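K.L.:
Need the 3D shape of this:
(2 chains, ligands or ions: 2)
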Amino acid sequence: MLRGLRLSQPFLQRSSVPVNSFNRLRVVNHVKSGISHRCKSTEKVLAYPGEKSVFDDKLEFHSTKEILPTYRIMNEDGIIINSEEDPKLDRDTVVKMYRHMVSLNAMDNVLYDVQRQGRISFYMTNYGEEATHLGSAAALKPEDTIFAQYREAGVFLWRGFSLDDFMNQCQSNSLDYGKGRQMPVHYGSRRLNIQTISSPLATQIPQATGSAYAQKMTKSGNCTVCYFGEGAASEGDFHAAINFAATLETPSIFFCRNNRWAISTPSTEQYRGDGIAGRGVSYGLKTIRVDGNDIFAVYNATKAARKIAVEDNQPVMIEAMTYRVSHHSTSDDSTRYRTLSEIEQWKIKHDPVKRLYNYLLSKGWWSEEMETTSRTEARKEVLSALKRAEAQKKPSPDECFNDVYDELTPQLIQQRQEMREHVKKYPQNYPIDQHLV
Amino acid sequence: MPSVIIDNIEAVPGLIQRLYTISERHLLDGILSSIDNSVMRTKRQLITIYKLVALISENLLCRQTVKRPPIKIQGQRRAFSITSPLNQELRPPTEKDEELSVDALGRPTKKTNLYTAINQAMDIALATDPKALLFGEDVAFGGVFRCSTGLREKHGADRVFNTPLCEQGIAGFAIGVAAQGHTAIAEIQFADYIFPAFDQIVNEAAKYRYRSGNQFDVGGLTFRAPYGAVGHGGLYHSQSPEAYFCHTPGLKVVVPRSPVQAKGLLLASIRDPNPVIFLEPKWLYRSSIEEVPIEDYEIPLGEAEVIRNGEHVTIVGWGAQLLVLEQAIQMAEEKLGITCELIDMKTLLPLDIDTVVKSVKKTGKLLISHEAPKTGGLAGEIACAVQERAFLHLEAPIKRVTGYDTPFPLVFERFYFPDALKNYEAIKELIEY
Ligand SMILES: Cc1ncc(C[n+]2csc(CCOP(=O)(O)OP(=O)(O)O)c2C)c(N)n1
Ligand SMILES: [Mg+2]
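P.N.:
Residues are numbered from 1 along each chain as shown, chains lettered A, B, ... in the order given. Ligands and ions are numbered 1, 2, ... in the order given. This next block holds a predicted model:
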């Protein structure tokens, strides 16, 4: 066994990373393997890249012994259960978080219905996961780059993506930054440092690792945050991404929204072992599992993760445990594969919005009256933004050909010409009046 | 040697017909000499004459070519509706659809939509082959397009199951299943998401037999994936990736156009001893309804089908595009007074070029249409293969009506799409050439 190797010489010594002491919050590193006293070999330790393994003469197959705990500081009723962990955010910040939750809900309510009426082609709501969005986004710096999946509208809101921006994208109108080319909810904003969303799952995760490496090279002092679902984490890209991040020591935060479902597939059919957090640990990432419906736990975890990423150039994994209260999308009816009572339970008992609402009430920063007016206001704002977006024309059909490359190829120029001539010949057969010329 | 001087293109068909019936070689020579003498005025006329002469020399000219009715072009534009001579109806199902009837072969049939036809094929495959397995993302509850509805309940959770969300895993797993002699029916949720599996499909499945000297094969493997436009799919729910796979020796690529075809072709694909990529036109899943035989039947792979006979233009397509082509043909036949021959390729790898060549030799004109972008698309391959074998029969450059060389754009879909009008225009240009 491993004859010829000089076992006493480690191939690579793991660099020791300064212990993070942010608010006593525990970011779990490798679970230490049990050390045996029956070791009889002259060499006691097998030095191997990464970890030291002690020789053991007991035949034993190991499996996950200890499930990583879930970090939580605020309970279901919005009561801080450990005041030492309270991030003690000021009134304005917390109210802003809450107001964004309200806006997010209003937008989801309106756009879901609008899709049902056939006024937009598709939509995905964010219900139940609001705290993962706002808690994490609030802990980042605007300069940090974000790679998202598609169910992170709250992150966009926090960064400053306006309701008009959302509506323009969902309406595929000429003000949409993506020029109407992608389906609704595929937002992106250069100004806000959020890369444009792409439907193929998990592709953004290794991209985020590369982005973080580039940030490290330029000593930007920023990190890249990557959001993804627990379903997407089954893709090969996820594994490549975190392995690259670990070995290349990138300032990355991998933020998994574990909402229990990937369309109809429950997380029990998605993975075994200790979930996504377990993978973070096993790939050598500092890892934490948090209650994703506790906005302050998410905030603290992300803030600490950012510190590790930026100060130590180490990637961090956050697994936020939450629940997809919504149907997967407007194309889905989730009662086909899960019980109403399951949904209801999460909606009523674990609602992250209600939790923050209770917290605000207990602080005296919010009232039932403010609740009613803010909800009405939010709906109004969404509706008027929608109206403005609907009044806008769609982009010029010429935009079909732009941006495939930095400039048009001869083929594209010819095809554009063919299209123009054809449409000119049959103007009634194409929706030209809906588009800019 | 008597010499014939041709100075008028209109005289050619009559002359050819005469030549054909009397087979007088000296007249042919006369035509050739007239060409040499450059009596014909334009280069195009010369080419036409030259080709006709070549046809006669090969004794391949059929009377129809000469006896074509004069071509009239009517100026009026008219609205056209979606009715399909493919015997498909585009409408939601009704109660009457439950009734049984009998098809031309005496087989009992039932009105069935495309996803149900696929469901039936898989049901039969699972029932007749105890080694068959069906899996993919969200397959257990019936699949996002409902294709596997009820199959888990019927055939067991160990035979019809969800996989984790990982296409390369699905493909590699399927290859392993097939390498053990089992039958793997693997669903990729959208053809747009097949690319993580590309390595497994192209480097592994396709080369498994070859690299092992036929010791091993993964013939029991079929990948099913919905492909193509739906009207609102945008970049990643609309693609037609057939050409990537048609560039891969060792695979077969199959695309059905209708419920009857889908059931027969899928059963043939599952049972074919080679790995098959089976692309399902998601646009037609619900909307296309046909009388589908209830029984187990197969439609052979590797055979194209002439689904409409005609004389003036050969039109080639596959899958959902055939419905678009039917519309274009209806317009062309009404307005131009011509007839078109429509060919469904069905299997895109290997291509049944014989069927297309045979038709092109009759019509002299060819149009190929697909949704995928033009450059590197399969139309180019078909065009080249046809001209290799029928160059002298061609009376006009082969036309392609395809998607543009751009990603599939949501808001420009109507402009991007190779629709009936664009195909009609192409037919018209071919006829007027
Ligand atoms: C590569 C790829 N495969 C399949 C899909 C289809 N698809 C879209 S969302 C989804 C489920 C994703 O679940 P998860 O990552 O948990 O995110 P959630 O929807 O729960 O937020 C699937 C299978 C896709 N978009 N991309
Ligand atoms: Mg999920």
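K.L.:
Identify the residues contacting the nearest residue to B:L430 once chain neighbours are set aside.
P.N.:
Of all residues not flanking B:L430 in the chain, B:K365 sits nearest, at 4.5 Å (C-beta to C-beta, 6 or more residues apart in numbering or on different chains). From N, CA and C alone the C-beta is placed, and that goes for glycine too. Neighbour list for B:K365: B:312-314, B:394-396, B:430-431, B:433 [criterion: C-beta atoms under 8 Å, 6 or more residues apart in numbering or on different chains].
K.L.:
what's the neighbour count on A:A137?
P.N.:
27 (other C-beta atoms under 10 Å in any protein chain shown).
K.L.:
swap in B:A205?
P.N.:
Neighbour number of B:A205 under other C-beta under 10 Å is 30.
K.L.:
so it touches B:V218, yeah?
P.N.:
Yes - the pair B:A205 and B:V218 qualifies as a contact (C-beta atoms under 8 Å) at a distance of 5.3 Å.
K.L.:
joint contacts of those two?
P.N.:
With C-beta under 8 Å, 6+ apart as the test, B:A205 and B:V218 both reach B:174-175, B:178, B:275.
K.L.:
Using JSON lines, lay out those residues together with secondary structure and neighbour count.
P.N.:
Converted to JSON lines, the shared contacts of B:A205 and B:V218 look like this (DSSP: H, G, I helix; E, B strand; the rest coil; neighbours: other C-beta atoms under 10 Å in any protein chain shown):
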{"residue": "B:A174", "secondary structure": "helix", "neighbour count": "32"}
{"residue": "B:I175", "secondary structure": "helix", "neighbour count": "22"}
{"residue": "B:A178", "secondary structure": "helix", "neighbour count": "24"}
{"residue": "B:P275", "secondary structure": "coil", "neighbour count": "30"}
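K.L.:
The residues you listed into TSV, with extra columns for distance to chain A and pLDDT?
P.N.:
Listed next are the shared contacts of B:A205 and B:V218 as TSV, based on distance: C-beta to the nearest C-beta, whole Å; pLDDT from 0 to 100:
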residue	distance to chain A	pLDDT
B:A174	15	98
B:I175	15	98
B:A178	20	98
B:P275	20	98
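K.L.:
Closest residue of the stretch 201-350 of chain A to ligand 2?
P.N.:
Relative to ligand 2, the nearest point of the stretch 201-350 of chain A is A:G229 (3.6 Å; C-beta to the ion).
K.L.:
hang on, isn't that residue packed against A:R257?
P.N.:
Yes - if you go by C-beta under 8 Å, A:G229 and A:R257 touch, sitting 5.6 Å apart.
K.L.:
overlap in contacts of the two?
P.N.:
Contacts common to A:G229 and A:R257, judged by C-beta under 8 Å, 6+ apart, are A:149, A:151.
K.L.:
Could you list which residues are in contact with the residue of the stretch 201-350 of chain A closest to ligand 2?
P.N.:
A:149, A:151, A:201, A:256-259, A:262.
K.L.:
Ligand 1 next: which of those are close?
P.N.:
Contacts with ligand 1 within the contacts of A:G229, as defined by C-beta under 6 Å from any ligand atom: A:151, A:201, A:257, A:259, A:262.
K.L.:
my read: the fourth one touches A:N126, true?
P.N.:
No - counting by C-beta under 8 Å, A:N259 stays clear of A:N126, with 10.0 Å between them.
K.L.:
Mutual contacts of the two, please.
P.N.:
A:R151.
K.L.:
Where does the residue nearest to the spatial centre of chain A sit: helix, strand or coil?
P.N.:
In chain A, the residue lying closest to the centroid (C-alpha atoms, centre = their mean) is A:Y227, at 2.3 Å. State at A:Y227, reduced to three classes by DSSP: H, G, I helix; E, B strand; the rest coil: strand.
K.L.:
Might you enumerate the residues of the stretch 251-400 of chain B proximal to chain A?
P.N.:
B:374-375 (C-beta under 8 Å from any C-beta of the partner chain).
K.L.:
Return the residues in contact with A:A138.
P.N.:
With C-beta under 8 Å, 6+ apart, A:A138 has these contacts: A:89, A:93, A:97, A:158, A:299.
K.L.:
Out of those, which comes closest to ligand 1?
P.N.:
Taking C-beta to the nearest ligand atom as the measure, ligand 1 lies nearest A:W158 of the contacts of A:A138, at 18.0 Å.
K.L.:
follow-up on the earlier one: which pair of the ones next to ligand 1 among the contacts of A:G229 spans the longest distance?
P.N.:
For these, the maximum inter-member distance is 13.9 Å, found between A:L201 and A:N259 (C-beta to C-beta).
K.L.:
The most centrally placed residue in chain B and B:V260: what is the separation?
P.N.:
In chain B, the C-alpha nearest the mean C-alpha coordinate belongs to B:W318, at 2.2 Å (C-alpha atoms, centre = their mean). Distance of B:W318 to B:V260, computed by C-beta to C-beta, to the nearest Å: 15 Å.
K.L.:
in the longest helix seen in chain A, what's buried?
P.N.:
For chain A, the longest helix by residue count, based on DSSP state H, is helix A:91-116. Using 16 or more other C-beta atoms under 10 Å in any protein chain shown as the test for burial, helix A:91-116 gives A:94-95, A:97-112, A:114-115.
K.L.:
In the stretch 101-250 of chain B, which residue sits closest to ligand 2?
P.N.:
B:L165 (8.9 Å).
K.L.:
Please identify which helix or strand holds that residue.
P.N.:
Following DSSP states H and E, there is no helix or strand that holds B:L165.
K.L.:
And for the one 4 residues further on?
P.N.:
B:G169 belongs to helix B:167-179 when elements are defined using DSSP H and E.
K.L.:
And that helix, how far out from the chain middle?
P.N.:
Here helix B:167-179 is found 28 Å from its chain centre; the criterion is C-alpha atoms, centre = their mean, to the nearest Å.
K.L.:
after it, next one along is what?
P.N.:
Counting by DSSP H and E, what follows helix B:167-179 is strand B:183-187.
K.L.:
still on that earlier bit, so among the contacts of A:G229, which ones count as buried?
P.N.:
A:149, A:151, A:201, A:256-259, A:262.
K.L.:
Switch those residues over to a markdown table; also include pLDDT and secondary structure.
P.N.:
Listed next are these as a markdown table, based on pLDDT from 0 to 100; DSSP: H, G, I helix; E, B strand; the rest coil:
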| residue | pLDDT | secondary structure |
| --- | --- | --- |
| A:Q149 | 98 | coil |
| A:R151 | 98 | coil |
| A:L201 | 98 | coil |
| A:C256 | 98 | strand |
| A:R257 | 98 | strand |
| A:N258 | 98 | strand |
| A:N259 | 98 | coil |
| A:A262 | 98 | strand |
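K.L.:
and the residues you listed near chain B, which?
P.N.:
Among these, chain B is touched by A:201, A:262 when using C-beta under 8 Å from any C-beta.
K.L.:
contacts with ligand 2 among the buried ones among the contacts of A:G229, please.
P.N.:
A:259, A:262 (C-beta under 5 Å from the ion).
K.L.:
and of the buried ones among the contacts of A:G229, the nearest to B:P256?
P.N.:
A:L201 (27.3 Å).
K.L.:
Let me know the pLDDT of the nearest residue to the closest one once chain neighbours are set aside.
P.N.:
Leaving aside its sequence neighbours, A:L201 sits nearest to A:A232 (C-beta to C-beta, 6+ apart; 4.2 Å). We have a pLDDT of 98 for A:A232.
K.L.:
Verify the stated contact: A:A232 with A:P206.
P.N.:
No - at 11.9 Å, A:A232 and A:P206 do not qualify as touching, with contact defined as C-beta under 8 Å.
K.L.:
between those two, which one's more packed in?
P.N.:
Using other C-beta under 10 Å as the criterion, A:A232 and A:P206 rank with A:A232 on top: 25 against 22.
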